[in-house]
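Enquirer: Give me coordinates for this.
(one chain, ligands or ions: 1)
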Amino acid sequence: MNEVPLVEVRDLTKDYAEGENVARVLKGVQLTVAQGELVALLGPSGSGKSTLLNILGTLMRPTSGSVRVLGQSLVGAEDLVLTEFRNRHIGFVFQAHLLLPDFTALENVMFPAAARHGRERHTDRARASELLDRVGLSDRRDYLASQLSGGQKQRVAVARSLMNAPELVLADEPTGNLDRESADRVMQLLIDINSSDGTGFLISTHDENIAARCQRQIYMADGRIADDRR
Ligand SMILES: Nc1ncnc2c1ncn2[C@@H]1O[C@H](COP(=O)(O)OP(=O)(O)OP(=O)(O)O)[C@@H](O)[C@H]1O
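Expert: Residues are numbered from 1 along each chain as shown. I've put the predicted structure just below:
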């Protein structure tokens, strides 16, 4: 079977302006991820993990190289095309959950669907409810996000990332702010979703325990991929 890769990155570089100088933080990244893979992204602070995730998430443009997600080139595409592509195919979980504090858990989960379609559809509530059930938070559906614990907020963020049934979820240190027990629970959730739905995950982490539970571990160092283990 010749399935289009989930992620295909060639010769990727990224420069940031630093005053009058330019700092190259990605120095030629090569990476292929198949659909449905569960991948951990490791490496020291500043090695470029977040930059790579932001580029894959169409939140930032590369300086040079080619980047494709599900065959769609992220280089040179117009902003509107990228926004639509992102809303449809990519989910995000950040270290800081970024929930809207004055909206309920359910409303937060529904948000990506409204962003994608420009309005609420009659099926959205049922889908968001089902996702909250999956992350074990049915009983917190109508709580404001500000009334949830850190671990609960991150589980809501996981449910939200799945709202539009993306093929790829990018998770930037999703367990970074959680205690061991909550971190393990969130990670188990990602593993379960990966195996039941075939959603592909790229998870940046400093936590070797979390990384060991992924199928594949990619190590970044100084803007390059230094090791790739399965
Ligand atoms: N917007 C920016 N402008 C300038 N430099 C930046 C910007 N964002 C990141 N950098 C620099 O790029 C380098 C890589 O940062 P990045 O956040 O990708 O690393 P990381 O591996 O995710 O680190 P951490 O594990 O600490 O999150 C760092 O040296 C950082 O200071």
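Enquirer: Surely residue 219 is in a strand?
Expert: Yes: counting by DSSP: H, G, I helix; E, B strand; the rest coil, residue 219 is found in a strand.
Enquirer: In contact with it, which residues?
Expert: Going by Cβ atoms under 8 Å, 6 or more residues apart in numbering, residue 219 touches 42, 43, 225, 226, 227, 228, 229. Any C-beta I mention is one placed from the backbone N, CA and C, and that applies to glycine too.
Enquirer: For the closest residue to the fifth one other than its chain neighbours, give the beta-bridge partners.
Expert: Nearest residue to residue 227 in three dimensions, chain neighbours excluded: residue 219, at 4.0 Å (Cβ to Cβ, 6 or more residues apart in numbering). Assessed by DSSP bridges, residue 219 has beta-bridge partners residue 42, residue 227.
Enquirer: now for the top helix by length along the chain, which elements pack on it?
Expert: Ranked by residue count, the top helix of the chain under DSSP state H comes out as helix 180-197. Under the contact criterion of 3 or more Cβ pairs under 8 Å, 6 or more residues apart in numbering; DSSP states H and E, helix 180-197 touches strand 38-42, helix 150-161, strand 168-172, strand 200-204, helix 208-212.
Enquirer: buried residues in it?
Expert: For helix 180-197, burial by neighbour count (16 or more other Cβ atoms under 10 Å) applies to 182, 183, 184, 185, 186, 187, 189, 190, 193, 194.
Enquirer: of those, closest to the ligand?
Expert: residue 183 (15.9 Å; Cβ to the nearest ligand atom).
Enquirer: so who does the nearest residue to that closest one once chain neighbours are set aside touch?
Expert: Computed as Cβ to Cβ, 6+ apart, the closest residue to residue 183 that is not its neighbour in sequence is residue 175, at 3.6 Å. By Cβ under 8 Å, 6+ apart, the contact list for residue 175 reads 154, 182, 183, 186, 187, 205, 207, 210.
Enquirer: for the helices and strands packed on helix 180-197, which one sits closest to residue 78?
Expert: Closest to residue 78 of the helices and strands packed on helix 180-197, according to Cβ to Cβ: strand 168-172, at 20.3 Å.
Enquirer: quick revisit: quick check on the residue nearest to residue 183: phi, psi?
Expert: When read as degrees, to the nearest 10, the backbone of residue 175 gives phi -110, psi 10.
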